[in-house]
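**Student:** My questions are about this predicted structure, shown below with the sequence.
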Amino acid sequence: QEILDLVDAPRAPFVQIDRVGKYAILIHRDPFPSIEALCGEELRLAGLRIDPQLHISSRTTYYHRLDVLRLEDLSVDAVQGLPTAARLAHFSWSPCQTKLAFTHSTPTGVEAWYLDVATAQAIRLTEPCITASLEQPLRWLQDSQALLVKCLPETRPALRDAKTTAPQGPTISISDGQKSENRTYQDLLKNRDDAHNFTVLTTSQLYRVDLKGQRSLWLPQAALYRSMMPSPDGRYILVTALEPPFSYLVPYTRFPQVARLYAKDGTLVQTVNQVPLSEDLPKGFMSVRTGRRMMGWRADQPATLAWVEALDGGDAAQAASHRDALYTLDTAILAAEPTLLLRTQQRFNAVEWASDDLALVHEYWWNTRNTKVYRFKPRQPTEAPEIIIDRNYQDEYKDPGYFLTTRNAAGKTVLETHDNALYLIGAGFSEKGQFPFVDRWDLATNTTTRLYQSTYTDRREQLYFSPDLAKGDFIVRLEAPTEFPNYYI
């Protein structure tokens, strides 16, 4: 009985805290999936595992109950209005941090819902018409009053069963003599039936759904929509979709794709990126495709696109003084030439924006396990960037941590600065154990000052973020072998 009680013990809830430190959502799930869920059909296509009945990932982790914790007085309100036998997933905070969108999987399909956090009330937005087979199905618009939702097309072909469908022709692979090396991937397309089923299950139409559940078609054409990213000022939406031809050698992430810029009313503005099929890459972990990649919005500007391009032909074996270049383009002057902000010595990893006078770029190189962080001024791209961190990323003892971020007025993640300083949260691994810390990074001198370091030896402390840096408040999580995990300010 003791073992059974241990197995059936309730799990600690998954916690989502708003970035202003006012509310925390406690998201509960069962210890194990149901027998019905385990017996469900699964199609493995192009690197995806899809439930063909519900049009959602067959490996989705579902949650069944929500509570709203008010951090001011630690009172807890159970969320009202949730469906019975709830199967909730795909949680997403609104830009204003007062609402939480999510999906609910019914026996016949997937619905869109949202939670009004202040009233702890859940509201259904759509019928079971959502498709969540290909990445995130919901995206908040910048006014927090509506979402873009991937919906199933009203008419769509039936799926093919390879066991009962006669082949329409041979599966053809062409070898043109080009030397290429690929990793071994799981769940690839194998034939035309797989390609047909992949298209049927990932094709969607984009609808605008307001908080009253009123739905209007945002883009008339159905496509294999992968992502929808509103600009910080809400005037534009960057929409990325997959296109044929598909491949039997690589997963969907390397299929052809196109990125188009739309006005918020759905009017096409411009195609900003066209990516071909990427079957053949140069040898090496650090090799990448050529052309624009990692395209997104500059978080600290109203509507400026940013992306990276390889300077070495994407070939890690080719000698080069610089591997990648970071570019931006203001959508107000789309006809202008992109602005080159900086070049990285190694492969670009990420950029963190703060303002025209401050941004950080992270780069790395697998072969040497080296990582660097550059500090630069976006308004002065001709000024040489400054390397502020240069280390072996496998050396956990010398890891300085990650830079603290916050949400700006547009709800985008930017570096948090206070008193001319950045702040770092570190894991704090050492020979004596793990002792997380907070450091202040002085922007004038590039020196750090230790503000806090955990001293616990009988429990584990994790530092998350600061809801109010001026007050010195941080969200922390404590757990011990005999104590349930809990959060503290």
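**Tutor:** That came through, no problem.
**Student:** mean confidence for the helix or strand hosting residue 3?
**Tutor:** For residue 3, the host element (DSSP states H and E) is helix 2-7. Averaging pLDDT along helix 2-7 yields 84.
**Student:** Residue 247 and residue 55, how far apart?
**Tutor:** 23 Å (CB to CB, to the nearest Å). Using the backbone N, CA and C atoms, a C-beta is placed for each residue, glycine as well.
**Student:** One more: residue 151?
**Tutor:** Shown here: residue 151 relative to residue 55, a distance of 10 Å by CB to CB.
**Student:** do residue 159 as well
**Tutor:** 11 Å.
**Student:** list residues touching both of those two?
**Tutor:** Both residue 159 and residue 55 are in contact with residue 201, where contact means CB atoms under 8 Å, 6 or more residues apart in numbering.
**Student:** between the two, who's got more neighbours?
**Tutor:** Shown here are residue 159 and residue 55; by other CB atoms under 10 Å, residue 55 has more neighbours (26 against 13).
**Student:** If we ignore the residues flanking it in sequence, what's nearest that one?
**Tutor:** Nearest residue to residue 55 in three dimensions, chain neighbours excluded: residue 131, at 4.2 Å (CB to CB, 6 or more residues apart in numbering).
**Student:** Quick one: the helices in the stretch 51-200 of the chain, in order.
**Tutor:** For the stretch 51-200 of the chain, the helices defined by DSSP state H, counting those that start in this stretch cover 192-202.
**Student:** residue ranges of the strands in it, please?
**Tutor:** Using DSSP state E, counting those that start in this stretch, the strands of the stretch 51-200 of the chain run over 56-57, 65-70, 75-78, 88-93, 99-105, 110-116, 121-124, 138-140, 146-151.
**Student:** what do you get for the stretch 351-489 of the chain?
**Tutor:** 358-365, 370-376, 386-392, 402-403, 405-407, 413-415, 421-426, 429-430, 433-434, 437-442, 447-453, 460-463, 476-480, 483-488.
**Student:** Ok, which of those strands comes nearest residue 26?
**Tutor:** Using CB to CB as the measure, strand 483-488 is the one of the strands of the stretch 351-489 of the chain that comes nearest residue 26, at 9.7 Å.
**Student:** Could you give the number of residues near residue 424?
**Tutor:** Neighbours of residue 424 using other CB under 10 Å come to 19.
**Student:** er, residue 6 actually
**Tutor:** For residue 6, using other CB under 10 Å, the count is 8.
**Student:** if I look at it, how far off is residue 31?
**Tutor:** Counting by CB to CB, the gap from residue 6 to residue 31 is 10 Å.
**Student:** for this structure, where's the lowest mean pLDDT among helices and strands?
**Tutor:** Within the chain, no helix or strand scores below helix 35-38, which has a mean of 80 by mean pLDDT, DSSP states H and E.
**Student:** Sheet-wise, list the partners of the next helix or strand after it with their directions.
**Tutor:** As assigned by DSSP H and E, the chain's next helix or strand after helix 35-38 is strand 43-45. Using DSSP bridges, the strands paired with strand 43-45 are strand 48-51 (antiparallel).
**Student:** Mind listing what's buried along the partner strand?
**Tutor:** For strand 48-51, a neighbour-count test (16 or more other CB atoms under 10 Å) marks 48, 50-51 as buried.
**Student:** Just name the closest of those to residue 223, please.
**Tutor:** Distances from residue 223 to those, taken as CB to CB, are shortest for residue 48 (16.4 Å).
**Student:** which SS state does residue 20 fall under?
**Tutor:** coil (DSSP: H, G, I helix; E, B strand; the rest coil).
**Student:** Next one: it from residue 3, what distance?
**Tutor:** 43 Å.
**Student:** ok, now residue 471?
**Tutor:** Distance from residue 471 to residue 3, by CB to CB: 46 Å.
**Student:** Looking at those two, which is more packed in?
**Tutor:** For residue 471 versus residue 3, neighbours defined as other CB under 10 Å are more numerous around residue 471 (10 against 7).
**Student:** before we move on, back to that, what's the overlap in contacts for residue 151 and residue 55?
**Tutor:** Among the neighbours of residue 151, those also in contact with residue 55 (CB under 8 Å, 6+ apart) are 130-131.
**Student:** ok, residue 65 - how many residues close by?
**Tutor:** 15.
**Student:** Now the residue nearest to residue 55: phi and psi?
**Tutor:** The phi and psi values for residue 131, taken as degrees, to the nearest 10, are phi -110, psi 120.
**Student:** for it, what are its contacts?
**Tutor:** Taking CB under 8 Å, 6+ apart, one finds 55-56, 110, 137, 150-152, 201-204 in contact with residue 131.
**Student:** Find the residue at the geometric middle of the protein.
**Tutor:** For the chain, residue 136 is the residue whose C-alpha lies nearest the centre (CA atoms, centre = their mean; 8.5 Å).
**Student:** List the residues that contact that one.
**Tutor:** Contacts of residue 136 by CB under 8 Å, 6+ apart are 90, 92, 227.
**Student:** quick one: it from residue 456, how far?
**Tutor:** Computed as CB to CB, the residue 136 to residue 456 distance reads 36 Å.
**Student:** quick one: pLDDT of residue 458?
**Tutor:** Residue 458 is given a pLDDT of 93.
**Student:** Tell me, how many residues neighbour it?
**Tutor:** Neighbours around residue 458, by other CB under 10 Å: 8.
**Student:** hang on, isn't it packed against residue 479?
**Tutor:** No. Under the criterion of CB atoms under 8 Å, residue 458 makes no contact with residue 479, lying 10.9 Å away.
**Student:** Can you give me the distance of the residue nearest to residue 196 when sequence neighbours are not counted to residue 246?
**Tutor:** In space, and not counting its chain neighbours, residue 196 is closest to residue 160: 5.4 Å by CB to CB, 6+ apart. To residue 246, residue 160 is 15 Å away according to CB to CB.
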